[in-house]
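Student: generate coordinates for the sequence data below:
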Amino acid sequence: MLWKSKRAAALAGALTLLAVIAGPTAAASAEVESSRITSLAYPTTYTLDDTTAPASANTVLVSGTTAGSGNLALRCFYGVGPTEYTEVLGGVKTEEVTPGEDRFRGEVETKAFVARPCVLRAVPPGNAEPHPPGSIAEEEKDPFQGPHVAGSSFGTTTDANALTDDYSLGLGTLVGYMRLDSVGDCGLGYSSLFAPESLVEGEGLFDCAGALFEEQPLALGKAATRSEIEVDGADAYGPAAAGYWEERLKTTIPGAPELKLGKSFGGGEAEVHETDPIVRCSPQPAVFPPTTSSCREFVATGLQLERTWSTSQGDRVAAMTDRWSSTDGAAHTLSAIYDQGLFANEGKGGEYEFPGTGSFATKAGGEIVGVPAGAGAIYYKEDAAAEGTAHPVGAIVYDRAPGEALSFVLGSHEAGGKESEFQMPYQATIPAGGGYTLAMTYVQGAALSEVQALASEALAGDQPPAVTISSPANGTKVSGTSVTVSGTASAKGETPSLTVAGHAVSVGANGAWSTSVALNAGANTVTAVASNRLGLTAEQSISVTYVKPPAKPKPHPPSPPRAHELGVASGANGEVSFTVACSGTRGTSCVVAAGVSTVERSRHGRPVAVAARHRRHRGPHSIRLTVGAATVTIPAGGQVRISIALNAVGRSLLARFGYLPVHLTAEQVSGRAHRTFVSENLVVVPVRRHHHRRRHRRR
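Tutor: Sure, this is the predicted structure:
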């Protein structure tokens, strides 16, 4: 199957759009002799037309100064001829600010710059002279000056279920262009180079590279027998590939997966992170191609693919990292056929140099090519006989060789062909709690030497990271239950991830790290493991011995406070008094609750006798009465004389009988358990009164 680039259609659409944007121009009242655009960054401005963003984010203000007044047209010049421009805004009028100084301004939509890089100039509408991009010296000679503008674009598409299933990010600089699509669409969908100074675009190089299509293209005339993704032996699909089958079968299939996206953009370069849930058909996943009967719904396979693109070097380099992982806690087998499409010169064809061959050669459709194990680079010339921005040179750098030989769908010199295509098959078992990472880097340049240098840098990035433990030294003995471990970790072109003793640790910008590690008694092995984006790891271990210090003798627990009576209790003067001491550790205290009671016997409702306690054979008219109580707190080491005055009942009985037998109890209520330490009988007598005799004076 031939996979055609979207670039030509996108460019034609952009040029049509620009023609619509150009507005009518009014007759100039006076010819503007020169102008300079000042509001856009000079010498280069990068724009992004993001269809997922608000419209206000997709406009730029263009303003500047002129010599002379009149109408202006904002034009993007991208070629050497007088008509090689697009008019991005017409009918812009100058406005005199001060005598002899005129200014202009206008809002331009960013979609006006997505076709190709150009030099933006403000010229009179009737000006028919060429104003091509050029060198700095050539630019300074042009009376109409402005910045070079490189435009990029971003948009998403939805499937029959109104779910996002694809995206397209066209990235442009003054050096190169790359268009990125989702996994199931085209991957690296298109790339080309621009000539220095003139910005003339050359032939395309990559044409759907790193793609995982909904069906495996075979040699011409042969029908596909499987998808380019198989999970556990069944054909499987990412969001864009699933959307393709909905479109082809002309039906909406429940369970279609949704693409998740994140992106960052700057200077015409970008980083894109997409997450593709991988699904299969149900109820008959083994049927290929799917039918409306075999694919009534999509169900999860238990795998997902996270792909990250990162472009650099003015869009000459696109680094791709694929991370396959289990989502259902089970292990799965994976077969993934990475499709690599490139353009071939229509007349002279292209040529490949595979690792270990040492020379370039053409390849034919159906040809099988083996490559050595390990990382490597495949070099390609779009034109077997030429190099340059018009005929770019490329490289596909991979971190590990495919599990099987490469196979060509389209050769590099097919009769009348404009494309070449081969496949790289990979197999892996995805563990239940882990993943499988595969990295490829796509390089384009004007010369083989340039591409070889960039490919060498990419290969160096495919090497394992480095990690060291600088402190403590191996064999260190410590007396604490933890130790601070520190060191460095590094990886080519990135900050590695790090675990120390099984716990994630952050790595600083300079590669330094430090963390506290808990220790068990005796010898402990502390291991630091660094890993890069490819899953390559490096580790270092040290031994640290925790020596427990001698156990300190346990201090004697403080003595609990204890209350006890001193001397004997008294019932004189109508009250009960006794002395209580508290012994124990300083700072503690005894809380003592004391009570005085008596037993009253009555006849016909009137008290006839009182006693300290009940008799053994008490009568039916005998009751115990509380006649006094007190609660006292005594500090440890101290003593207190406690006096309990009779209450109203006690005083009444004392007055009636002239004495009152009582029972005294004292209970310590502080501490864990209450204890009674005083229980005795005594008699309370009234207050002693003093009688004074009268003295009679003798006569």
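
Student: and Thr38, what are its phi and psi?
Tutor: The phi/psi pair for Thr38 (degrees, to the nearest 10) reads phi -120, psi -20.

Student: so what's it up against?
Tutor: Taking C-beta atoms under 8 Å, 6 or more residues apart in numbering, we find Thr38 in contact with 63-65. The C-beta positions use only the backbone N, C-alpha and C, and glycine is treated the same way.

Student: ok, and the closest non-adjacent residue to Gly151?
Tutor: Closest residue in space to Gly151, ignoring its immediate chain neighbours: Phe113 at 3.0 Å, by C-beta to C-beta, 6 or more residues apart in numbering.

Student: I'd say the one you found and Tyr46 touch.
Tutor: No - contact criterion C-beta atoms under 8 Å: Phe113 and Tyr46 do not qualify, at 9.2 Å.

Student: the two: who's more crowded?
Tutor: Phe113 (28 against 22; other C-beta atoms under 10 Å).

Student: could you measure from Leu342 over to Thr389?
Tutor: Distance, Leu342 to Thr389, by C-beta to C-beta, to the nearest Å: 16 Å.

Student: what about these two, which has more around it?
Tutor: With neighbours defined as other C-beta under 10 Å, Leu342 and Thr389 compare such that Leu342 has more, 26 against 22.

Student: which helices and strands sit right next to the biggest strand by length in the chain?
Tutor: Taking DSSP state E as the criterion, the chain has its longest strand at strand 295-312. Other helices and strands packing on strand 295-312, by 3 or more C-beta pairs under 8 Å, 6 or more residues apart in numbering; DSSP states H and E, are strand 176-181, strand 229-231, strand 234-236, helix 239-249, strand 269-283, strand 317-326, strand 332-343.

Student: any idea how far the strand or helix carrying Ala395 is from the middle of the chain?
Tutor: Taking DSSP states H and E as the criterion, Ala395 maps to strand 393-398. Relative to its parent chain, strand 393-398 has a centroid offset of 30 Å by C-alpha atoms, centre = their mean, to the nearest Å.

Student: switch to numbering from 11
Tutor: Will do, 11 is the new start, and the previous item becomes strand 403-408.

Student: list of residues touching that strand?
Tutor: 201, 215-216, 219, 350, 352, 385-392, 397, 434, 448-458, 460-462, 464-465, 468-469, 472.

Student: among those residues, name the buried ones.
Tutor: Among the contacts of strand 403-408, those buried by neighbour count (16 or more other C-beta atoms under 10 Å) are 201, 215-216, 219, 350, 352, 385-392, 397, 434, 448-456, 458, 460-461, 464-465, 468-469, 472.

Student: show me those that map onto helices.
Tutor: Among these, the members found in helices (DSSP state H) are 458, 460-461, 464-465, 468-469.

Student: distance to Ser66 and pLDDT for the residues you listed - can I get that in TSV?
Tutor: Formatted as TSV, those follow (distance: C-beta to C-beta, whole Å; pLDDT from 0 to 100):
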residue	distance to Ser66	pLDDT
Leu458	46	97
Glu460	40	97
Val461	41	97
Leu464	38	96
Ala465	42	95
Ala468	39	90
Leu469	44	89
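
Student: ok, those residues vs Phe370, which is closest?
Tutor: Leu458 (8.9 Å; C-beta to C-beta).

Student: was I right about the closest one contacting Ala396?
Tutor: No - using C-beta under 8 Å, Leu458 is not in contact with Ala396; the gap is 11.3 Å.

Student: report the separation between Gln460 and Val590.
Tutor: Small correction: residue 460 is Glu, not Gln. 102 Å.

Student: what of Ala229?
Tutor: 110 Å.

Student: quick one: which of these two has more around it?
Tutor: Comparing Ala229 with Val590 by other C-beta under 10 Å, the one with more neighbours is Val590, at 23 against 15.

Student: wouldn't the more buried one be in contact with Gly648 here?
Tutor: No - the pair Val590 / Gly648 is not scored as a contact, 9.6 Å apart, by C-beta under 8 Å.

Student: pLDDT score assigned to the residue most central in space within the chain?
Tutor: For the chain, the residue nearest the mean C-alpha position is Gly272 (10.8 Å; C-alpha atoms, centre = their mean). pLDDT recorded at Gly272 is 95.

Student: again with Arg623
Tutor: In this model, Arg623 carries a pLDDT of 84.

Student: contact partners for it?
Tutor: The contact partners of Arg623, by C-beta under 8 Å, 6+ apart, come to 609, 673, 691.

Student: show me the residues you listed that map onto strands.
Tutor: 609, 673, 691.

Student: can I get the buried part of the residues you listed as one PyMOL selection?
Tutor: Command for PyMOL that selects the buried part of these, burial taken from 16+ other C-beta under 10 Å:
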select buried, resi 609+673
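
Student: nearest to Ile552, of the helices and strands packed on strand 305-322?
Tutor: Short answer: strand 327-336, nearest of the helices and strands packed on strand 305-322 by C-beta to C-beta, at 30.6 Å.

Student: now do the closest one: distance to the chain's middle.
Tutor: Per C-alpha atoms, centre = their mean, the centroid offset for strand 327-336 relative to its chain is 16 Å.

Student: which helices and strands does it pack with?
Tutor: Right, strand 327-336 is packed against strand 198-203, strand 305-322, strand 342-353, strand 429-440, strand 445-455, helix 458-471 by 3+ C-beta pairs under 8 Å, 6+ apart.

Student: most tightly surrounded among these?
Tutor: strand 198-203 (a mean of 26; mean count of other C-beta atoms under 10 Å).

Student: need the mean per-residue confidence for it.
Tutor: 97.

Student: so which other helices or strands are in contact with that strand?
Tutor: Strand 198-203 sits against helix 17-31, strand 186-191, strand 216-221, strand 327-336, strand 445-455, with contacts defined as 3+ C-beta pairs under 8 Å, 6+ apart.

Student: picking that back up, between the contacts of Arg623, which sits nearest Ser516?
Tutor: His673 (76.1 Å).

Student: show me the chain divided up by domain.
Tutor: Residue ranges for each domain of the chain read 17-163, 169-234+319-471, 476-556, 572-694, as given by automatic domain parsing.

Student: tell me the confidence at the residue nearest to Gly161?
Tutor: 93.

Student: repeat that for Arg616.
Tutor: Taking Arg616 on its own, its pLDDT is 86.

Student: quick check: it vs Glu610, distance?
Tutor: 10 Å.

Student: what does Thr498 give?
Tutor: 93 Å.

Student: ok, Glu549 touching Val477?
Tutor: Yes - with contact defined as C-beta under 8 Å, Glu549 reaches Val477; the gap is 6.4 Å.

Student: who's in contact with the helix or strand hosting Trp523?
Tutor: Take DSSP H and E as the rule and Trp523 turns out to sit in strand 522-528. Identification of contacts with strand 522-528 by C-beta under 8 Å, 6+ apart yields 491-499, 508, 510-511, 513, 515-517, 534, 536, 554.

Student: at 10 Å what do you get?
Tutor: By C-beta atoms under 10 Å, 6 or more residues apart in numbering, the surrounding residues in contact with strand 522-528 are 477, 479-481, 490-499, 506, 508-518, 534, 536, 538, 540, 554, 556.

Student: mark which of those are part of strands, please.
Tutor: Reading strands off these with DSSP E, I get 477, 479-481, 492-499, 508-510, 513-515, 534, 536, 538, 540, 554, 556.

Student: give me the buried subset of those.
Tutor: Here, 16+ other C-beta under 10 Å leaves 477, 479, 493, 495-499, 508-510, 515, 534, 536, 538, 540, 554, 556 buried among the ones in strands among the contacts of strand 522-528.

Student: list the residues that contact the closest residue in space to Ser541 that isn't next to it in sequence.
Tutor: Leaving aside its sequence neighbours, Ser541 sits nearest to Thr547 (C-beta to C-beta, 6+ apart; 4.5 Å). Thr547 makes contacts with 474-475, 477, 506-507, 509, 539-541, as judged by C-beta under 10 Å, 6+ apart.

Student: output those residues in JSON lines, with pLDDT and distance to Val620 appended to each entry.
Tutor: Converted to JSON lines, the contacts of Thr547 look like this (pLDDT from 0 to 100; distance: C-beta to C-beta, whole Å):
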{"residue": "Pro474", "pLDDT": "79", "distance to Val620": "101"}
{"residue": "Pro475", "pLDDT": "87", "distance to Val620": "97"}
{"residue": "Val477", "pLDDT": "94", "distance to Val620": "93"}
{"residue": "Pro506", "pLDDT": "90", "distance to Val620": "94"}
{"residue": "Ser507", "pLDDT": "91", "distance to Val620": "90"}
{"residue": "Thr509", "pLDDT": "94", "distance to Val620": "86"}
{"residue": "Val539", "pLDDT": "93", "distance to Val620": "90"}
{"residue": "Ala540", "pLDDT": "92", "distance to Val620": "93"}
{"residue": "Ser541", "pLDDT": "87", "distance to Val620": "93"}
